[in-house]
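Participant: Predicted structure and sequence below. I'll ask about it afterward.
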Amino acid sequence: MPHLTFLWLLCFSLFLQEPTSAQTCPSSCPGGESEVKFPFGLNPNGNRNGRCSYPGFGLSCSNKTGALVLNLPESGEFRVSFIDYETQQIWINDPDFCLPKRFMESFDISGTPFVSKFWYTFTFFNCSTEEVAGAGLRRIPCLSNDNYSVVAYETDSFVDSASGLQSTCHSIKTVTVPFAWYGWVEGVRLEWYKPDCRSCVERRGDCGFKNRTSQEIGCFNLPSQAGLPRSAKYGITIGVGIPGLLCLIGLGCFVGSRLRAYGRQRNLPSTEFSTSISPLPAVIITGLDGPTIESYPKTKLGDSGRLPKPNDSTCPICLSEYQPKETLRTIPECNHYFHAKCVDAWLKMNASCPLCRNSPGGSAPITPSISSSSSSSSSSLLSA
């Protein structure tokens, strides 16, 4: 008997053990950001290779603001704006929101697990405020003051208004950075490929280490997909389906008998009803006309394939990446970009944005009048 009790306690303790290692690591910063998930983790003292994260993915909390911080070994600390675990992308920004200054000092992602698909070379110029205002150039506010203005242009695609800067302005520095000029407002987008947790995230599981002694990862806490055994499903179908069918047959017989009884009570042996039913107006959303579509602005990409927005790397309609010298069209009300040929075909059939479904104007729902001939014969009711 004591042996049986011991075996029972041993089996019960094994059953209660967790299949994965439980780590007591903080999951968020006091600043109120969203929860930090694997492969990222909040390591003590901002260690990039601590036990709470995959090597190179250590984060920390800012002592000043409590915001989430990523430390790049060659470039210093950057504020984490957003992490997309499904596409494995991270957006970072300067804590003081002056990324151009950081880029002029140093920006290097070597020695990190992060990469970027797009790199651009920019030249910074120091110009007088009058020259910048007269040329209609965009100044960098955090690097400019009332006496001078700092501007930057992509070196490989100088336009006429910018080419004159070489003779009238002082060149400060040329840098190569993984973003386009318009991306400086929202930050820099970086990606990672290892570890690859995309499949686990898509299946709504938790990606993490399989154990404490290796870097092998696994997917845990997946939603239950096994369901009931097939025999149990058949039993439920038969047990519920047959009584339900019998109930429907009985209900139909009851309703039919009540209708027949009502007819006999009213003594209506011959009652003729002829009713014309006018259906509800059908609302048809027509597409936009040609002049309206052509009034929407077009943008032609340069030789570098620079994108209009940092997140618009593919056309939402045909799902193909934008290529250099392709023509894009913008829907003004929502500022969404598409291939011109794709969105023109769409707008001819639909008067709404393919991405956000907002109506850009220029069309209205058409309610066709549907006439129904009301040839109704008078219903004669025979009195009892």
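Facilitator: That came through, no problem.

Participant: Please name the nearest non-neighbouring residue to the residue most central in space within the chain.
Facilitator: For the chain, the residue nearest the mean C-alpha position is Asp84 (8.7 Å; C-alpha atoms, centre = their mean). Using C-beta to C-beta, 6 or more residues apart in numbering and skipping residues adjacent in sequence, the residue nearest Asp84 is Ile90, 7.6 Å away. To be clear about C-beta, it is placed using only N, CA and C from the backbone, and glycine gets the same treatment.

Participant: what's around that neighbour, how many residues?
Facilitator: 22 (other C-beta atoms under 10 Å).

Participant: Where does pLDDT dip in the chain?
Facilitator: 1-23, 31-33, 156-167, 179-186, 225-234, 265-286, 303-312, 361-384 (pLDDT under 70).

Participant: How is it partitioned into domains?
Facilitator: 20-96+186-223, 282-304+312-366 (automatic domain parsing).

Participant: Adding distance to Cys247, write the ones you listed out as JSON lines.
Facilitator: Below are those laid out as JSON lines (distance: least, C-beta to C-beta, whole Å):
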{"stretch": "domain 20-96+186-223", "distance to Cys247": "34"}
{"stretch": "domain 282-304+312-366", "distance to Cys247": "37"}
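
Participant: surely Asp196 meets Thr87?
Facilitator: No - if you go by C-beta atoms under 8 Å, Asp196 and Thr87 don't touch, sitting 11.6 Å apart.

Participant: quick one, which of those two is more surrounded?
Facilitator: Here Asp196 and Thr87 are set side by side on neighbour count (other C-beta under 10 Å), and the busier one is Asp196, at 12 against 9.

Participant: how about the nearest residue to that one, chain neighbours excluded?
Facilitator: Gln88 (7.5 Å).

Participant: In three-state terms, label Pro134 for me.
Facilitator: In this structure residue 134 is Gly, not Pro. Using DSSP: H, G, I helix; E, B strand; the rest coil, the three-state assignment for Gly134 comes out as helix.

Participant: any idea how far Cys127 is from it?
Facilitator: Distance of Gly134 to Cys127, computed by C-beta to C-beta, to the nearest Å: 10 Å.

Participant: Quick one: the strands in the stretch 51-200 of the chain, in order.
Facilitator: 58-61, 68-72, 76-84, 89-93, 120-128, 148-154, 170-177, 188-191 (DSSP state E, counting those that start in this stretch).

Participant: For the last one, output the C-alpha coordinates as PDB.
Facilitator: Extracted C-alpha coordinates of strand 188-191, given in PDB (Å, rounded to 0.1, in the frame of the first residue of the first chain):
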ATOM      1  CA  VAL A 188      13.300  53.400 -39.000                       C
ATOM      2  CA  ARG A 189      11.900  50.000 -39.900                       C
ATOM      3  CA  LEU A 190      14.100  47.000 -39.300                       C
ATOM      4  CA  GLU A 191      13.400  43.300 -39.800                       C
END
